[in-house]
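S.K.: Sequence plus predicted model, see below.
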Amino acid sequence: MEAVTTHDHAHGHDEHAHHPAGIMRWITTTNHKDIGTLYLIFSLTMFFIGGLLAMGIRAELFQPGLQYWRPEFFNQLTTMHGLIMVFGAIMPAFVGFANWQIPMMIGAPDMAFARMNNWSFWLLPPAALLLVSSFFVPGGAPAAGWTIYAPLSTQMGPDMDLGIFALHIMGASSIMGSINIVTTILNMRAPGMTLMKMPLFVWTWLITAYLLIAVMPVLAGAITMVLTDRHFGTNFFNAAGGGDPVMFQHIFWFFGHPEVYIMILPAFGIVSQVIPAFARKPLFGYASMVYATSSIAILSFIVWAHHMFATGMPAAGQLFFMYATMLIAVPTGVKVFNWIATMWKGSMTFETPMLFACGFIFVFTIGGFTGLILAIAPVDIQAQDTYYVVAHFHYVLVAGSLFAIFAGTYFWLPKWTGHMYDEALGKWHFWLSIIFFNITFFPMHFLGLAGMPRRVPDYALQFADFNMIASIGALGFGLSQLLFVACVIKCAKGGAAAPAKPWEGADTLEWTLPSPAPYHSFETPPVVK
């Protein structure tokens, strides 16, 4: 500290001397708030790209027969929609929240590794460009499904190599971001803030970061083996050469199942901040929430093969994965109970963040129940790769992760921008989103139970009506998101000044801890006052 101040006086300048402005400020920033903003803008951009691909899918499925796309292009749409939404929209959005909120919530001046933080973000745009540019190489984008199963992925053209490279870079970004988050939380908490006094959002991210560090290298291993099978004559997944294509599924889902919890645990954290604020009472069962989150994370490692019931595993394997999967419903149920108990007899108001949090609980619970149903091996063997599965995971990922992202955005926008958002616009966004979401995805349960397979551009006549309803709902849901953009831009540009406590009575931790003004420079170390 002394050295820094002396150096400062010797050169006769203050700490604001060399701060770059304009575009360089954003490229070179090491400030957690700026980097959080960059993540959120990137995520929103990718959300709309992924959403356009989804519109393409639903346009084709509006009626039976082939309308607009070749079947190969339809498969590219489904694959890229999945990859972009998972790795480009949902995950970076939560990392953006982590960057903005964690230092403020634990009273840290910034993230532990400020420059690595900058690098974690700037790996993402080139990776996204690689992924999207695969549409423009010979053969078009990867078409093996977002799960890139071998042997499909070992047979594709150069598009697959671009996809693999993009995933590697995004994985590196995730690992660096997670190391940063873990180090920050464990080493930089304000004096007196023990682990069991941290806001739940910080807890969920600490656990999520450990999950990411554990499983991202597994995905890297799987796609590297695909790469060597493709170009270097190995036979990891080639049965003719002594390999095993089912091994790819084991490795992929050992990453993929914890991955789905990586996409929902931060959402749990956001909802656990929003609900106490609008119920005007502390979260019910704080310790049990921490233990439940940890249990979910640990159990997520021993359930991966429930994605593989249809591959012909032995009965003992099916039973193990079936019961282990059902066990995850217990800590998840604890969380839902605690949220409802928090609201019980609270002085509740229903501003937009609370609406999205309540919507989250309602719709996420439906998605959780369909997951429990799919955990039953004999049922899953029938429902595997049907639209029932599509309905299930969109209920947990859209109504789960995405609704929580919306709740968190509206909740913290006053903090981030200094302005209040337009409440009427926010409420319109919520009601249109939840109504159109259900119009889109609820009929898919019936389609799946009636036997309609997923990832098909054409279908039998008996599925026509529900597909038409789903496509109309999807268009409505997509257009509703323009309200969100309008609301955010309007808020960022101005509007009513946010009071010190925007949600009266919600004087929870995240509003009170300080965090210094943005500091951006690679040249000089930050001055500690």
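M.R.: Done, it's in.
S.K.: so who does the residue positioned nearest the centre of the chain touch?
M.R.: Taking Cα atoms, centre = their mean, the centroid of the chain lies closest to Ile90, which sits 2.7 Å from it. For Ile90, the contacting residues are Ser43, Met263, Leu397, Ser401, Leu402, Ile405, by Cβ atoms under 8 Å, 6 or more residues apart in numbering. C-beta here means a position set from N, CA and C on the backbone, and glycine is covered the same way.
S.K.: again, 10 Å this time
M.R.: 43, 46-47, 50, 84, 262-264, 266-267, 397-398, 400-402, 404-405 (Cβ atoms under 10 Å, 6 or more residues apart in numbering).
S.K.: likewise Thr147?
M.R.: Neighbours of Thr147 in contact, by Cβ under 10 Å, 6+ apart: Thr79, Gly82, Leu83, Ser153, Phe248, Gln249, Phe252, Trp253, Gly256, His307.
S.K.: go with 8 Å
M.R.: Applying Cβ under 8 Å, 6+ apart, the residues contacting Thr147 are Gly82, Gln249, Phe252, Gly256.
S.K.: Just say helix, strand or coil for it.
M.R.: Of the three states, Thr147 takes coil under DSSP: H, G, I helix; E, B strand; the rest coil.
S.K.: and the gap between it and Phe446?
M.R.: 24 Å (Cβ to Cβ, to the nearest Å).
S.K.: what do you get for His81?
M.R.: 22 Å.
S.K.: Compare the two (neighbour count), which wins?
M.R.: His81 (20 against 16; other Cβ atoms under 10 Å).
S.K.: That one reaches Ile49, doesn't it?
M.R.: No. Using Cβ atoms under 8 Å, His81 makes no contact with Ile49, being 9.2 Å away.
S.K.: what stretches of this protein score poorly on pLDDT?
M.R.: For the chain, the stretches with pLDDT under 70 are 1-17, 505-529.
S.K.: Just the buried residues of the lengthiest helix in it, please?
M.R.: Criterion DSSP state H: the longest helix present in the chain is helix 200-231. For helix 200-231, a neighbour-count test (16 or more other Cβ atoms under 10 Å) marks 200-216, 218-220, 222-223, 225-227, 229-230 as buried.
S.K.: what helices or strands is it leaning on?
M.R.: Packed against helix 200-231, as judged by 3 or more Cβ pairs under 8 Å, 6 or more residues apart in numbering; DSSP states H and E, are the following elements: helix 91-106, helix 152-155, helix 158-187, helix 245-262, helix 265-279, helix 286-299.
S.K.: got TSV for those helices, with distance to Ala357 too?
M.R.: Shown next, in TSV, are the helices and strands packed on helix 200-231 (distance: least, Cβ to Cβ, whole Å):
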stretch	distance to Ala357
helix 91-106	14
helix 152-155	38
helix 158-187	23
helix 245-262	19
helix 265-279	4
helix 286-299	14
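S.K.: now the ones you listed in TSV, with mean neighbour count?
M.R.: Converted to TSV, those look like this (neighbours: other Cβ atoms under 10 Å):
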stretch	mean neighbour count
helix 91-106	26
helix 152-155	21
helix 158-187	21
helix 245-262	21
helix 265-279	26
helix 286-299	18
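S.K.: Relative to Trp412, which of these is closest?
M.R.: Closest of those to Trp412 is helix 91-106, at 6.8 Å (criterion: Cβ to Cβ).
S.K.: now for the very next helix or strand once past the closest one, which elements pack on it?
M.R.: Per DSSP states H and E, helix 91-106 leads on to helix 114-122 as the next helix or strand towards the C-terminus. With contacts taken as 3+ Cβ pairs under 8 Å, 6+ apart, helix 114-122 sits against helix 32-60, helix 158-187.
S.K.: For Glu72, find the nearest of these.
M.R.: Nearest of these (Cβ to Cβ): helix 158-187, 10.9 Å.
S.K.: Okay, angle between the closest one and helix 114-122 too, please.
M.R.: Going by axes from the mean of the first three to the mean of the last three Cα atoms, to 10 degrees, helix 158-187 is angled at 150 degrees with respect to helix 114-122.
S.K.: Run through the neighbouring helices and strands of helix 158-187.
M.R.: Here helix 158-187 touches helix 71-83, helix 91-106, helix 114-122, helix 124-133, helix 200-231, going by 3+ Cβ pairs under 8 Å, 6+ apart.
S.K.: All the helices of the stretch 401-529 of the chain, residue numbers only.
M.R.: Assigned helices in the stretch 401-529 of the chain, in chain order: 403-417, 423-449, 464-493 (criterion: DSSP state H, counting those that start in this stretch).
S.K.: give me the number of residues near the nearest residue to Gly56 once chain neighbours are set aside?
M.R.: Using Cβ to Cβ, 6 or more residues apart in numbering and skipping the chain neighbours, the partner closest in space to Gly56 is Leu77 (4.9 Å). Leu77 is flanked by 25 other residues according to other Cβ under 10 Å.
S.K.: Please report how far Leu77 lies from Val86.
M.R.: In this view, Leu77 and Val86 are 15 Å apart by Cβ to Cβ.
S.K.: Name the nearest residue to Ala287, ignoring sequence neighbours.
M.R.: Using Cβ to Cβ, 6+ apart, the closest residue to Ala287 is Met196 (6.8 Å).
S.K.: if we can go back for a sec, tell me the contacts of the residue nearest to Gly56?
M.R.: So Leu77 contacts Leu53, Gly56, Ile57, Glu60, Trp69 (Cβ under 8 Å, 6+ apart).
S.K.: swap in Ser133?
M.R.: Counting by Cβ under 8 Å, 6+ apart, the residues that Ser133 touches are Leu162.
S.K.: Next one: it from Val274, what distance?
M.R.: For Ser133 relative to Val274 (Cβ to Cβ), the value is 38 Å.
S.K.: just His18 next, same as before
M.R.: Distance from His18 to Val274, by Cβ to Cβ: 39 Å.
S.K.: same check, this time on Ile84
M.R.: For Ile84 relative to Val274 (Cβ to Cβ), the value is 27 Å.
S.K.: same check, this time on Gly400
M.R.: 14 Å.
S.K.: Likewise for Phe369?
M.R.: 23 Å.
S.K.: cool, and Thr228?
M.R.: Taking Cβ to Cβ, one finds Thr228 at 46 Å from Val274.
S.K.: One more: Phe236?
M.R.: 45 Å.
S.K.: Lys427 now?
M.R.: Taking Cβ to Cβ, one finds Lys427 at 15 Å from Val274.
S.K.: ditto for Thr349
M.R.: For Thr349 relative to Val274 (Cβ to Cβ), the value is 12 Å.
S.K.: same deal with Ala220?
M.R.: 34 Å.
S.K.: Pull up the gap between Pro359 and Ile434, please.
M.R.: To be clear, residue 359 is Gly; Pro isn't right here. Taking Cβ to Cβ as the measure, Gly359 falls 5 Å from Ile434.
S.K.: Which neighbours do these two have in common?
M.R.: In contact with both Gly359 and Ile434: Ala399, Phe403, using Cβ under 8 Å, 6+ apart.
S.K.: OK, contacts around Val379?
M.R.: Here Val379 is in contact with Ile373 (Cβ under 8 Å, 6+ apart).
S.K.: Any buried residues in the helix or strand that contains it, and which?
M.R.: For Val379, the host element (DSSP H and E) is helix 377-383. Buried positions in helix 377-383, judged by neighbour count with 16+ other Cβ under 10 Å: Ala377, Asp380, Ala383.
S.K.: State the number of residues packed around the nearest residue to the second one once chain neighbours are set aside.
M.R.: In other words, Asp380. Once flanking residues are discounted, Asp380 sits nearest to Phe309: 4.6 Å by Cβ to Cβ, 6+ apart. Neighbour count of Phe309, defined by other Cβ under 10 Å: 23.
S.K.: Now for Phe309: which residues touch it?
M.R.: Per Cβ under 8 Å, 6+ apart, neighbours of Phe309: Gln318, Phe321, Ala377, Asp380, Ile381, Gln384.
S.K.: Pull the number of nearby residues for the closest residue to the third one other than its chain neighbours.
M.R.: Spelled out, that is Ala377. Spatial nearest neighbour of Ala377, chain neighbours left out: Gln318 (4.3 Å); criterion: Cβ to Cβ, 6+ apart. The tally of other residues near Gln318 (other Cβ under 10 Å) stands at 20.
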